[in-house]
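In: model the structure of this input:
(chains A, B, C and D)
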Number of protein chains: 2
Amino acid sequence: MTRVIGLALGNELCHHQDMITMSEVARRAGVARSTVSHVLSARHGGNVRIPEATRQRVLQAARELGYRPNALARSVRTGKSRMIGYLVDDPRYEPYWNTIIGALGEAEREGFTLKLLSVTDETLEQRIEQCIELRLSGLIVRVSQDKRPLFEEADRAGIPVVTVDESDPQPFGLRVAADDALGIREALAHLAGLGHHRIAFISSGFHRQRDPQRTPPREAMFRAEMAARGLDVPEGRVTYETMLVYGREAGIGLGASTVLAATDALLEHPDGRPTAIFCWRDETALVALRACRLQGLRVPEDISVVGFSDIIAARLSDPPLTTCQSPWEEMGRTAMRRLIHAQGEEFNPSPRAILIPSGLAVRQSSGPNPE
Amino acid sequence: MTRVIGLALGNELCHHQDMITMSEVARRAGVARSTVSHVLSARHGGNVRIPEATRQRVLQAARELGYRPNALARSVRTGKSRMIGYLVDDPRYEPYWNTIIGALGEAEREGFTLKLLSVTDETLEQRIEQCIELRLSGLIVRVSQDKRPLFEEADRAGIPVVTVDESDPQPFGLRVAADDALGIREALAHLAGLGHHRIAFISSGFHRQRDPQRTPPREAMFRAEMAARGLDVPEGRVTYETMLVYGREAGIGLGASTVLAATDALLEHPDGRPTAIFCWRDETALVALRACRLQGLRVPEDISVVGFSDIIAARLSDPPLTTCQSPWEEMGRTAMRRLIHAQGEEFNPSPRAILIPSGLAVRQSSGPNPE
DNA sequence: CTGAAAGCGCTTACAG
DNA sequence: CTGAAAGCGCTTACAG
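Out: Coordinates of the predicted model:
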């Protein structure tokens, strides 16, 4: 009724509540609701064949009325929402962002839809419940806390989960990660090829805060690769930093940054100044680059600096930063693809991890060993 | 039935299809479905008061069964999806990303959920239909094409729309944008305070490609502010660039970049080299900074460089970039807040635009006029 | 206070 | 080929 009035007065008064329903299309076309459903969902699989004339009548009625199927109702009925949830705890971090973009593109290609959910330590549980209540068809997760409860809950609800950029093996779901070791190997090969052997590393102080017993993953790979090349990593040639890049407490300024100290400590190493500094992330490398210049060193003439991630800032810096490239978007695409292909069947991925090769972007912050 | 088997064999076999339903909770608690609904939706507004004992019985049954309400079914019933759609055509662009993050945070605070949709010239129409079919409760749009069809469609479906970072006034919905003029005014006050008067501008070649008749918005503001300060902008002191920053064809390298040419042209201006270069975006400013150095100029000792946006790279550059700060996250929050507050009523915002003040982050790329 | 009933908009066997 | 019926999981007047 309201709709009729709305139409009479013009489109301005047509509200959400007034959406055309399938029954109205059926009435207009003079057929049953089920026929409309058949025509519009175009399921040519079933042995339902609607004569062209009827089909056209339905289509036209739908067009004339401006009918828009209610995807929600369809989901309730079919039990498939075709929505994938993406849980992130640090959406501001550019690499995670890129991963989301990859996942989004793939979802849209496949007619799925992406729901973005941010997570903090306090809200993880609540978000998972929300995902279950929304009957999501899958979950991509990039969260740095214990994910066991997540997996258990999601598993109970039959929601497949894939984690992204998680370095630890996990006993559930699927893990899609970059093979950081590859990029690190390439970077060291690059530096060694330039004649460097005193290569220092600035590592993540965050990983250490979380678990002091364990070597941060990229640092471990660095050490392993150095060892494989027969290069020494004496005490003190690895330092740590905990610079906050995003949000209110961001401490990028050199004054507040712990990168300055981490770099200075390397430059003053008793066994001699390193000729190259490799950093666990680009943000660190860029500030380290500044720190080197403050000490009067030219990059790359006097010292080489290499980062990890290939964020936009790496390309925009002066000189542009040589850095390891993780395939962020590809990780997102892969995660999404796997989730979509798992629809309708038990999610028992094998293998339980997909490692996507990382590479190296050689730019101008690395040069020959000056010695 | 399946569920019973599932339970018998352990959680591994519990599938999505086996989600507990409200009827089962009712059966277990020995009450009617409607009672369960009343208890769980906790609508204390209606004059429905369930005795504590019954309430507890229902709650316990729900807990024991691991009941999770089906948000989709609820949405179908109530007609409110509490999902907001976010349409972006360039999600890789850091500022847009930040706007999304602001919107996401606000949505979650209010118990709404965010659906991300990317848009190209070809897919806009299709995406809008999708939004309508999903019965979204609102739409935030950051798209640089003609949005009239979008507004018409959404309006017909009763979906409120707010655009974000759109400089042109529009006859529909709400527009949330940054007041770029404020930041530009502050930047010029800052530069003038440092004694600069030969101030150049590198403007957007993209805007010009789209509409050659019109001065790009920030350039127009720059010219207006310069005029207001009585400062001359002779022919040739504004140049244009079209550097692609994102995606496959990104041409950030100085060789491929048009920023190099735009900067060089300014440095060779017949009326004398500018002592400050103001750029329409940070990416441009960072490359211009490199271009200046390539010409043997020191920043900020010989020449000042100022950007616009305050992307992460601006803080990480050497020297850190002085730049106008648009309130990206706040724009997202505001857009989302307005959408949420418009729920249930006609969306007839007044005024039709909200401008959020931009500011200036003074860093080390700007210094006193050396002359 | 509680429950039986109608209904949201759709899909899907199942008869005709 | 087409339609009447049952049902997805929920909410919401409306009686009792």
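
In: would you map out the domains in chain A?
Out: Domain assignment for chain A, taken from automatic domain parsing, gives A:2-69, A:79-178+A:329-356, A:180-327.

In: low-confidence regions, the stretch 251-371 of chain A specifically.
Out: When residues are selected by pLDDT under 70, those of the stretch 251-371 of chain A lie in A:251-256.

In: up against chain B, what does it have?
Out: A:252-253, A:283, A:286-287, A:289-290, A:293, A:311-313, A:315-318, A:320, A:346 (C-beta under 8 Å from any C-beta of the partner chain). For glycine as for every other residue, the C-beta is placed from the backbone atoms N, C-alpha and C.

In: among the residues you listed, which ones are buried?
Out: Applying 16 or more other C-beta atoms under 10 Å in any protein chain shown to those, the neighbour count classes A:252, A:283, A:286-287, A:289-290, A:311-313, A:315-318, A:320 as buried.

In: pick out whichever of the residues you listed sits closest to A:Pro370.
Out: Lowest distance from A:Pro370 to those (C-beta to C-beta) belongs to A:Leu289, with 16.0 Å.

In: and what about the closest one, helix, strand or coil?
Out: Local secondary structure at A:Leu289 is given as helix here, using DSSP: H, G, I helix; E, B strand; the rest coil.

In: distance of A:Met19 relative to DNA strand C?
Out: Computed with C-beta to the nearest atom of the strand, to the nearest Å, the distance linking A:Met19 and DNA strand C is 6 Å.

In: residues from chain A in reach of DNA strand D?
Out: For chain A, the residues in contact with DNA strand D (C-beta under 7 Å from any atom of the strand) are A:30-35, A:38, A:47-51, A:54, A:73, A:76-77, A:79.

In: same thing but at 6 Å, please
Out: Selection of chain A residues close to DNA strand D by C-beta under 6 Å from any atom of the strand yields A:Val31, A:Ala32, A:Arg33, A:Ser34, A:Thr35, A:Val48, A:Arg49, A:Ile50, A:Pro51, A:Thr54, A:Val76, A:Arg77.

In: mind listing the strands for chain A?
Out: Listed in chain order, the strands of chain A (DSSP state E) span residues A:83-88, A:113-118, A:138-142, A:161-164, A:174-179, A:199-204, A:238-241, A:276-279, A:304-309, A:322-325, A:353-357, A:359-361.

In: strand partners (parallel or antiparallel) of the second one?
Out: The one in question is strand A:113-118. Note on strand A:113-118: by DSSP bridges, its sheet partners are strand A:83-88 (parallel), strand B:113-118 (antiparallel).

In: with respect to A:Ala177, which of the buried ones among the residues of the stretch 251-371 of chain A next to chain B is nearest?
Out: Each of these was checked against A:Ala177 using C-beta to C-beta; the closest is A:Ile311, at 18.0 Å.

In: for that closest one, what are its contacts?
Out: Residues in contact with A:Ile311, defined by C-beta atoms under 8 Å, 6 or more residues apart in numbering or on different chains, are A:Glu94, A:Pro95, A:Asp282, A:Glu283, B:Ile312, B:Ala313.

In: and for the residue nearest to A:Gly195 when sequence neighbours are not counted, the neighbour number?
Out: Of all residues not flanking A:Gly195 in the chain, A:Asn369 sits nearest, at 3.6 Å (C-beta to C-beta, 6 or more residues apart in numbering or on different chains). A:Asn369 sits with 16 neighbouring residues when counted by other C-beta atoms under 10 Å in any protein chain shown.

In: can you tell me which residues contact A:Asn369?
Out: Listed by C-beta under 8 Å, 6+ apart, the contact partners of A:Asn369 are A:Leu194, A:Gly195, A:His196, A:His197, A:Thr275, A:Ala276.

In: please repeat the previous calculation with a cut-off of 10 Å.
Out: Under the criterion of C-beta atoms under 10 Å, 6 or more residues apart in numbering or on different chains, the contact list for A:Asn369 reads A:Leu191, A:Ala192, A:Leu194, A:Gly195, A:His196, A:His197, A:Arg198, A:Ile199, A:Thr275, A:Ala276, A:Ile303, A:Ser304.

In: please report the distance of it from chain B.
Out: Going from A:Asn369 to chain B by C-beta to the nearest C-beta, to the nearest Å gives 23 Å.

In: for the contacts of A:Ile311, which two are the farthest from each other?
Out: Based on C-beta to C-beta, the longest span within the contacts of A:Ile311 runs between A:Pro95 and B:Ala313 and measures 14.1 Å.

In: is any residue of stretch A:134-152 near chain B?
Out: Yes - contact of stretch A:134-152 with chain B (C-beta under 10 Å from any C-beta of the partner chain) involves A:Leu134, A:Arg135, A:Leu136, A:Ser137, A:Glu152.

In: now do stretch A:160-168
Out: Yes - residues of stretch A:160-168 are located near chain B by C-beta under 10 Å from any C-beta, namely A:Pro160.

In: next: stretch A:29-39.
Out: No - applying C-beta under 10 Å from any C-beta, one finds stretch A:29-39 separated from chain B by no less than 14.4 Å.

In: next, the buried residues of that stretch.
Out: Buried residues in stretch A:29-39, counted by 16+ other C-beta under 10 Å: A:Ala29, A:Val31, A:Thr35, A:Val36, A:Ser37, A:His38, A:Val39.

In: A:Gly359: how many residues sit nearby?
Out: Taking other C-beta under 10 Å as the neighbour definition, A:Gly359 ends up with a count of 17.

In: hey, what's the residue nearest to it when sequence neighbours are not counted bridged with?
Out: Nearest in space to A:Gly359, with sequence neighbours left out and distances taken as C-beta to C-beta, 6+ apart, is A:Gln325 at 4.8 Å. Here A:Gln325 shows beta-bridge partners A:Ser309, A:Gly359, assigned using DSSP bridges.

In: surely A:Gln325 touches A:Ile184?
Out: No - under the criterion of C-beta atoms under 10 Å, A:Gln325 makes no contact with A:Ile184, lying 11.7 Å away.

In: who has more neighbours out of the two?
Out: The neighbour count for A:Gln325 versus A:Ile184, taken as other C-beta under 10 Å, is higher for A:Ile184 (28 against 17).

In: sorry, back to before: what's the closest of the residues of chain A next to DNA strand D to B:Val58?
Out: Proximity to B:Val58 was ranked across the residues of chain A next to DNA strand D by C-beta to C-beta; first place goes to A:Val76, at 22.5 Å.

In: report the contact partners of A:Arg223.
Out: Counted by C-beta under 10 Å, 6+ apart, A:Arg223 has contacts A:Ile184, A:Phe201, A:Ser203, A:Thr215, A:Leu231, A:Val233, A:Val238.

In: kindly report the same for A:Val161.
Out: Counting by C-beta under 10 Å, 6+ apart, A:Val161 makes contact with A:85, A:87, A:128, A:131, A:138-141, A:147, A:150-151, A:153-155, A:170, A:172-175, A:335, A:339, A:347.

In: do that again at 8 Å, thanks
Out: Taking C-beta under 8 Å, 6+ apart as the criterion, A:Val161 is in contact with A:Gly138, A:Leu139, A:Ile140, A:Val141, A:Leu150, A:Phe151, A:Ala154, A:Asp155, A:Phe172, A:Gly173, A:Leu174, A:Phe347.
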